[in-house]
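Asks: Based on what follows, work out the 3D shape:
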Amino acid sequence: MAGPISSGAAPAATHNPGTRYGPALALLASLFFMWGFITVINNTLLPHLRSVFDLSYTQTTLIESVWFIAYFFASIPSAKLIERVGYQKSMVIGLLIMAAGALGMTLAASIPSYGVTLVMLFVIASGITLLQVAANPYVAVVGKPETASSRLNLVQAMNSAGTMLAPMFGAYLILGRSKGGTAQGEVVLTQAERLADAQSVILPYVLVAIVLTVLAVVIARFPLPAMGNATQRHNKEERKKHSLWKHRNLVFGIPAIFIYLIAEIGVANLFINFVSQPQIANLTHEQAGNYLTFLWGGMMVGRFAGSAIMQRFDAGHVLAAFSIGAFIVMLVTVFTTGPIAMWSLILVGLFHSIMFPTIFTLGIKGLGPLTEEGSGLLIMAIAGGALVVVQGWLADHYGLQTSFLLTAACELYVLFYALWGSKTTNALPDQQIEA
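Replies: Just a heads-up that it's a prediction; the model follows:
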């Protein structure tokens, strides 16, 4: 079956002891850092835009939905681009697309315009999609297959480092420099205050655009290991003999990624509004933005720890334990108030930490020559984050705290996948790559 990633994508690999992939993986880790950093800037940007444009929760989460819809629409073009120009040039193009979108955000802030903001966030997310389609399967297949989950969790820890630093960056340069961000509770801004608050995002996004451009230059000049063309031709013929849909771990892994993203993005995007409430922590948005750092810091710690744990324990069993922990702390968040509710929501970051990279590697396990198609479908499933608008609707109609029951339900599906859905069926032998 033809999937969203064509024969130019990375095939599955077995470890080649004569090849040193460390420098390449270290450079790729910087990409994970940057897309994590930029994605989480949204978490401080959303409450900021809610004040500037006087948005409902539904309208606020719609901004994030547009971001994740880009994963659905940009995944196939990204795969075609990788096939045409290769991994390295595609990564450079992805970084430059992100830089262009970041500069576009300064235009949106100057007007200011809600519509232009949505378009530019879509552009940035499209660039990130191109990086995701290339980097995730690349990291997963380079090295020993049995340590793929451990390896991807380790590199994803750099993604978490970016997500941990982004809230401090956003709280200081966006929320800390705006009227809405420093006010206690909800505030109605005058037209002049809205314009001033909107323009507070110009400096942060100019800095982001500069960093992305520099990183693109570095990637362009770095000698990344190439994926062998002979292997790709072999895989193209082999794929005709097999079907993706006979692999249970992939079939249930696609909705697992989709559903997990609803949980992760819902928590992150509504965190500041949740802990700012009088019955929870009664903080300003700027102060709440600083606490968001602990949420993403927990994800970083969890990924480093998870990488070490999975060297000794089965990845599926570790995923099951973490999903149970996530379910418990979400129930505590919903049914308690005050600091307990705030810290339980922060703690879910620790339990979410290993979910994406572990589901991803379990999902492509045993796909052999079908690895690239399976990887593409799993990346497209990141579009599940777009359904965070459902939680926004629940928050508007049933209360923000109650809306986190949706998150708890998502954790149960991850538990199902860990215990049963991730078991491989019709496993195929891995293919060699050429370094």
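
Asks: The nearest residue to residue 154 once chain neighbours are set aside is in what secondary structure piece?
Replies: Nearest residue to residue 154, sequence neighbours excluded (Cβ to Cβ, 6 or more residues apart in numbering): residue 307, at 4.2 Å. (Glycine included, C-beta is placed from N, CA and C.) Using DSSP states H and E, residue 307 sits in helix 285-309.

Asks: which helices and strands sit right next to that helix?
Replies: The helices and strands touching helix 285-309, judged by 3 or more Cβ pairs under 8 Å, 6 or more residues apart in numbering; DSSP states H and E, are helix 22-53, helix 148-173, helix 179-182, helix 253-275, helix 315-335, helix 338-352.

Asks: Output those helices in CSV, with mean pLDDT and mean neighbour count appended to each entry.
Replies: Shown next, in CSV, are the helices and strands packed on helix 285-309 (pLDDT from 0 to 100; neighbours: other Cβ atoms under 10 Å):
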stretch, mean pLDDT, mean neighbour count
helix 22-53, 76, 21
helix 148-173, 75, 24
helix 179-182, 46, 20
helix 253-275, 93, 24
helix 315-335, 97, 20
helix 338-352, 96, 21
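
Asks: Surely the residue nearest to residue 154 touches residue 158?
Replies: No: if you go by Cβ atoms under 8 Å, residue 307 and residue 158 don't touch, sitting 11.3 Å apart.

Asks: For residue 250, give its distance to residue 261.
Replies: In this view, residue 250 and residue 261 are 17 Å apart by Cβ to Cβ, to the nearest Å.

Asks: for residue 87, same thing?
Replies: In this view, residue 87 and residue 261 are 24 Å apart by Cβ to Cβ.

Asks: ok, now residue 36?
Replies: Here the distance between residue 36 and residue 261 works out to 14 Å (Cβ to Cβ).

Asks: what do you get for residue 293?
Replies: Distance from residue 293 to residue 261, counting by Cβ to Cβ: 21 Å.

Asks: list the contacts for residue 27?
Replies: When contacts are counted by Cβ atoms under 8 Å, 6 or more residues apart in numbering, residue 27 touches 218, 219, 222, 224.

Asks: and whatever helix or strand the second one lives in, how far out from the chain's middle?
Replies: Under the assignment given by DSSP H and E, the secondary-structure element containing residue 219 is helix 202-221. On the basis of Cα atoms, centre = their mean, to the nearest Å, the separation between the geometric centre of helix 202-221 and that of its chain is 19 Å.

Asks: Ok, stretch 96-113 next?
Replies: Between the centre of stretch 96-113 and the centre of its chain there are 21 Å (Cα atoms, centre = their mean).

Asks: list the buried ones in that stretch?
Replies: By neighbour count on 16 or more other Cβ atoms under 10 Å, the buried set for stretch 96-113 is 96-109, 112.

Asks: So which of those is the closest to residue 245?
Replies: Nearest to residue 245 out of those is residue 97 (Cβ to Cβ; 32.3 Å).

Asks: What score does the closest residue to that closest one other than its chain neighbours have for pLDDT?
Replies: Of all residues not flanking residue 97 in the chain, residue 127 sits nearest, at 3.4 Å (Cβ to Cβ, 6+ apart). Predicted confidence (pLDDT) for residue 127: 93.

Asks: Which secondary structure state is assigned to residue 127?
Replies: Assigned with DSSP: H, G, I helix; E, B strand; the rest coil, residue 127 falls in the helix class.

Asks: tally of neighbours for it?
Replies: Neighbourhood size, residue 127 [other Cβ atoms under 10 Å]: 26.

Asks: who touches it in this structure?
Replies: 93, 94, 95, 96, 97, 98, 99, 100, 101.

Asks: With just CA atoms, put the helix or strand hosting the fifth one into CSV.
Replies: What it means is residue 97. If you go by DSSP H and E, residue 97 is part of helix 87-110. Extracted C-alpha coordinates of helix 87-110, given in CSV (Å, rounded to 0.1, in the frame of the first residue of the first chain):
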residue,chain,number,x,y,z
TYR,A,87,17.1,14.6,3.9
GLN,A,88,19.8,17.3,4.4
LYS,A,89,18.4,19.8,2.0
SER,A,90,14.9,19.2,3.2
MET,A,91,16.0,19.9,6.8
VAL,A,92,17.5,23.2,5.6
ILE,A,93,14.3,24.1,3.7
GLY,A,94,12.2,23.3,6.8
LEU,A,95,14.3,25.6,9.0
LEU,A,96,14.0,28.4,6.4
ILE,A,97,10.2,27.9,6.2
MET,A,98,10.1,28.2,10.0
ALA,A,99,12.2,31.4,9.9
ALA,A,100,9.9,32.9,7.3
GLY,A,101,6.9,32.2,9.4
ALA,A,102,8.5,33.7,12.5
LEU,A,103,9.2,36.9,10.5
GLY,A,104,5.6,36.8,9.4
MET,A,105,4.5,36.8,13.0
THR,A,106,6.1,40.2,13.3
LEU,A,107,3.9,41.4,10.5
ALA,A,108,0.8,39.9,12.2
ALA,A,109,1.8,41.7,15.4
SER,A,110,2.3,45.1,13.6
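
Asks: which residues touch the residue nearest to residue 154?
Replies: 150, 151, 153, 154, 157.

Asks: Relative to residue 379, how far out is it?
Replies: Applying Cβ to Cβ, the value for residue 307 to residue 379 is 21 Å.

Asks: Repeat that for residue 220.
Replies: Counting by Cβ to Cβ - residue 220 and residue 379 are separated by 23 Å.

Asks: the more surrounded of the two?
Replies: residue 379 (26 against 14).

Asks: Can you give me every residue that contacts residue 306?
Replies: Contact analysis of residue 306 by Cβ under 8 Å, 6+ apart lists 150, 153, 318, 322, 353, 354, 358.
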